[in-house]
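Asker: Predicted coordinates and the sequence they were generated for:
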Amino acid sequence: MIKNKRTEGKIKTHYGMKDFYKHFKENNKDIEITNKKYYDIIYDFNLELINLIIDYNIEYQFPFIGSTLSIKKSKHTPKIVEGKLYNTSPVDWKSTNELWDLDNEAKEKKLLVRYSNFHTSKYVFRIYFKKYVHSFKNKKWFKFKPNRLFQRTLSKRIKDETKERYDAFLLY
């Protein structure tokens, strides 16, 4: 059986939009709303939340679980420690694969091409989920993975030359 890399290790959810809609209908019998309309409202809310977090650098606090969602930036520069080079900059896989197609020796040595991030003064931005406010059972197993749209929107905003240079409030 061939496994899909994208879904390998993915945690199956026990609750989804249908369950949330069913719960909403049970607790709000006086409100008439279709499943499609409910889904559209949730989608628009999440899309606006993404735009607020990215464009205005707000920290969104999730009610009841006390966690926050924000953009974090950190500086990645190469360092030499005890004669060894350590480079923690993100890998540019497109350029790395092109290099490996052209040069077999580079592929054997597993040479990686990394982003320089000169346009952001060597800062790397990422979506950061803090889970520190409340204590609850199994908190250490709780995980947040931003969807592809959120990640791509952040990337487009960082590279957008028409807007003011991107900066995030959380600096670590």
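Answerer: That came through fine.

Asker: Pop the domain breakdown of this protein in here.
Answerer: Domain assignment of the chain by automatic domain parsing yields the ranges 17-24+31-73+126-172, 77-116.

Asker: mind giving me JSON lines with those and columns for mean neighbour count and mean pLDDT?
Answerer: To be clear about C-beta, it is placed using only N, CA and C from the backbone, and glycine gets the same treatment. What follows is these, written out as JSON lines (neighbours: other Cβ atoms under 10 Å; pLDDT from 0 to 100):
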{"stretch": "domain 17-24+31-73+126-172", "mean neighbour count": "13", "mean pLDDT": "84"}
{"stretch": "domain 77-116", "mean neighbour count": "11", "mean pLDDT": "91"}
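
Asker: which residues touch the closest residue to residue 77 other than its chain neighbours?
Answerer: In this structure, residue 77 finds its nearest non-sequential neighbour in residue 122, 5.8 Å apart by Cβ to Cβ, 6 or more residues apart in numbering. Going by Cβ atoms under 8 Å, 6 or more residues apart in numbering, residue 122 touches 75, 76, 77, 89, 116.
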